[in-house]
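In: Fold the following for me, if possible:
(one chain, ligands or ions: 1)
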Amino acid sequence: MSDVLINVQNLSKYFTASRNFWGNPTSFVRAVENVSFQVYKGETLGIVGETGCGKSTVGRTIVGLYKPTKGTVSCAGEDIHTAIHGPNAMTMRRKLQMIFQDPYASLNPRMTVGDIVGEPLAIHKITSGKDRQSRVYGLLKQVGLNPEHASRFPHEFSGGQRQRIGIARALAVNPEFIVCDEPISALDVSIQAQVVNLLEELQSEYGLTYLFIAHDLSMVRHISTRVAVMYLGALVEIAAADELYKNPQHPYTKALLSAIPIADPAAEAKRQRIILTGDVPSPINPPSGCKFRTRCRFAMAKCAEMAPELITGANNHTIACHLVK
Ligand code: SF4
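Out: Okay, here's the model as predicted:
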């Protein structure tokens with residue numbers, strides 16, 4: 001396995017849900033709890049899970065948009081949150097970029113595309129004048145747009161083109177690591193594949209490392225080197241993409257994967273969907289022990305008493321479940 005670029009250790013992120021009369025917090029949304037994983041240089045780590053499972057919070061905490069409540073996140077051995085509050089803040093911020101889910105909301109409607117893509121270059125004092133203009137034109141060409149698009153405004157573009165502008169903006173500062181936070185979920189199906197192909201081309205050209213957060217399990221399998229599954233703020237399974245999809249071990253992963261339609265009609269007719277009963281519990285007051293136990297058909301007494309630890313077995317397949325020895 002290649003070098004570790006991003007190392008997340010025991011990461012927790014809580015948000016205040018309510019306060020008392022004096023303004024002190026009285027309850028918290030436990031968005032992410034005790035999550036640990038690594039992202040290796042040059043790979044794409046996919047993160048999947050239902051809405052509200054904490055996958056976007058993990059991505060935002062890694063790039064420094066949120067401060068961890070507990071735990072650490074480091075990039076090439078350097079603590080990210082110490083660095084972004086110290087004298088090397090700009091150097092660290094250049095290494096970590098983000099592509100947002102909603103290409104409509106993430107671009108300033110009052111700025112031209114040239115200003116949007118050129119803004120990071122100005123903030124990081126990378127180029128100026130004519131050099132900056134030619135760098136912006138070059139970035140637009142790299143993402144499949146034309147230099148003449150630089151003088152237009154975001155509302156003049158389609159959803160797919162706006163996401164390309166977002167990608168050009170993220171690439172402007174030559175980052176090492178990009179969090180792609182559901183970059184295709186707001187796009188038409190026909191455009192999704194184009195954006196994913198563009199991300200793959202840029203990765204092989206620049207050796208980029210991605211954290212790819214998505215709902216679409218088929219697309220995650222296609223783009224990811226490894227896939228991590230989250231449930232209610234906890235990491236429940238992580239393995240190489242093919243291994244996870246062919247041999248899921250955690251009951252939650254099995255249920256998620258059973259929902260993917262199969263292109264072959266004969267196989268699709270035999271597909272047995274595992275329907276999860278009950279609602280996802282509140283992250284303000286999550287279940288004791290295994291967080292999945294209220295919806296797990298294999299739950300036993302031990303599952304309420306003790307949270308299962310992540311255990312790595314054959315094929316580097318890591319699972320948190322008392323059923324897995
Ligand atoms: Fe189900 Fe228990 Fe495994 Fe959790 S630890 S997934 S409740 S069997």
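In: Which parts of the stretch 101-250 of the chain are strands?
Out: All strands of the stretch 101-250 of the chain, identified by DSSP state E, counting those that start in this stretch, fall at 177-181, 209-213, 226-231, 234-240.
In: Take those and lay them out in CSV including mean neighbour count, distance to the ligand and mean pLDDT.
Out: From N, CA and C alone the C-beta is placed, and that goes for glycine too. Shown next, in CSV, are the strands of the stretch 101-250 of the chain (neighbours: other Cβ atoms under 10 Å; distance: least, Cβ to the nearest ligand atom, whole Å; pLDDT from 0 to 100):
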stretch, mean neighbour count, distance to the ligand, mean pLDDT
strand 177-181, 25, 27, 96
strand 209-213, 25, 22, 97
strand 226-231, 25, 9, 96
strand 234-240, 24, 7, 97
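In: so which of those comes closest to Thr61?
Out: Smallest distance to Thr61 across the strands of the stretch 101-250 of the chain (Cβ to Cβ): 9.7 Å, for strand 177-181.
In: neighbouring strands for that closest one, and are they parallel or not?
Out: strand 96-99 (parallel), strand 209-213 (parallel) (DSSP bridges).
In: So which of the strands of the stretch 101-250 of the chain is nearest Arg93?
Out: strand 177-181 (11.3 Å).
In: can you give me the angle the lengthiest helix in the chain makes with strand 177-181?
Out: Assignment by DSSP state H gives helix 189-206 as the longest helix of the chain. Per axes from the mean of the first three to the mean of the last three Cα atoms, to 10 degrees, the angle that helix 189-206 makes with strand 177-181 is 170 degrees.
In: quick one: contacts for the spatially most central residue of the chain?
Out: The centroid of the chain falls nearest to Ile213 when counting by Cα atoms, centre = their mean (3.3 Å). Residues near Ile213 by Cβ atoms under 8 Å, 6 or more residues apart in numbering: 46-47, 55-56, 58-59, 179-182.
In: Would you mind checking those residues for buried ones?
Out: The neighbour-count test (16 or more other Cβ atoms under 10 Å) marks 46-47, 55-56, 58-59, 179-182 as buried among the contacts of Ile213.
In: mind giving me CSV with these and columns for distance to Ile126?
Out: Listed next are the buried ones among the contacts of Ile213 as CSV, based on distance: Cβ to Cβ, whole Å:
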residue, distance to Ile126
Gly46, 30
Ile47, 30
Lys55, 31
Ser56, 28
Val58, 28
Gly59, 24
Val179, 21
Cys180, 22
Asp181, 24
Glu182, 28
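In: tell me which element Thr82 falls in.
Out: Using DSSP states H and E, Thr82 falls within helix 80-83.
In: and that helix, what does it pack onto?
Out: Of the remaining helices and strands, those touching helix 80-83 by 3 or more Cβ pairs under 8 Å, 6 or more residues apart in numbering; DSSP states H and E are strand 70-75, helix 89-95.
In: quick one: contacts of that helix?
Out: So helix 80-83 is in contact with 62-64, 67-68, 72-75, 89, 91-92, 96, going by Cβ under 8 Å, 6+ apart.
In: With Ala228 as the reference, measure out to the residue of the stretch 101-250 of the chain found nearest the ligand.
Out: Across the stretch 101-250 of the chain, no residue is closer to the ligand than His250, which sits at 6.0 Å (Cβ to the nearest ligand atom). Distance, His250 to Ala228, using Cβ to Cβ, to the nearest Å: 11 Å.
In: and this protein, which residues reach the ligand?
Out: 251, 290, 292-293, 296, 298-299, 303, 308, 321-323 (Cβ under 6 Å from any ligand atom).
In: Just the buried ones among those residues, please.
Out: 251, 290, 292-293, 296, 299, 303, 308, 321-322.
In: worst-scoring helix or strand of the protein, pLDDT-wise?
Out: helix 265-270 (a mean of 85; mean pLDDT, DSSP states H and E).
In: Give me the nearest residue to Gln153, chain neighbours excluded.
Out: Heads up, residue 153 is Phe, not Gln. Thr112 (6.0 Å; Cβ to Cβ, 6 or more residues apart in numbering).
In: can you give me the helices for the protein?
Out: Going by DSSP H, the chain shows helices at 55-62, 80-83, 89-95, 113-123, 129-142, 159-171, 189-206, 217-223, 241-246, 251-258, 265-270, 301-305.
In: where does the stretch 1-150 of the chain have low pLDDT?
Out: Filtered on pLDDT under 70, the stretch 1-150 of the chain yields the residue ranges 1.
In: go with 50
Out: Of all residues in the stretch 1-150 of the chain, none has pLDDT under 50.
In: rewinding a little: would you reformat the strands of the stretch 101-250 of the chain as JSON lines and include distance to Lys270?
Out: Output for these, formatted as JSON lines (distance: least, Cβ to Cβ, whole Å):
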{"stretch": "strand 177-181", "distance to Lys270": "34"}
{"stretch": "strand 209-213", "distance to Lys270": "30"}
{"stretch": "strand 226-231", "distance to Lys270": "24"}
{"stretch": "strand 234-240", "distance to Lys270": "24"}
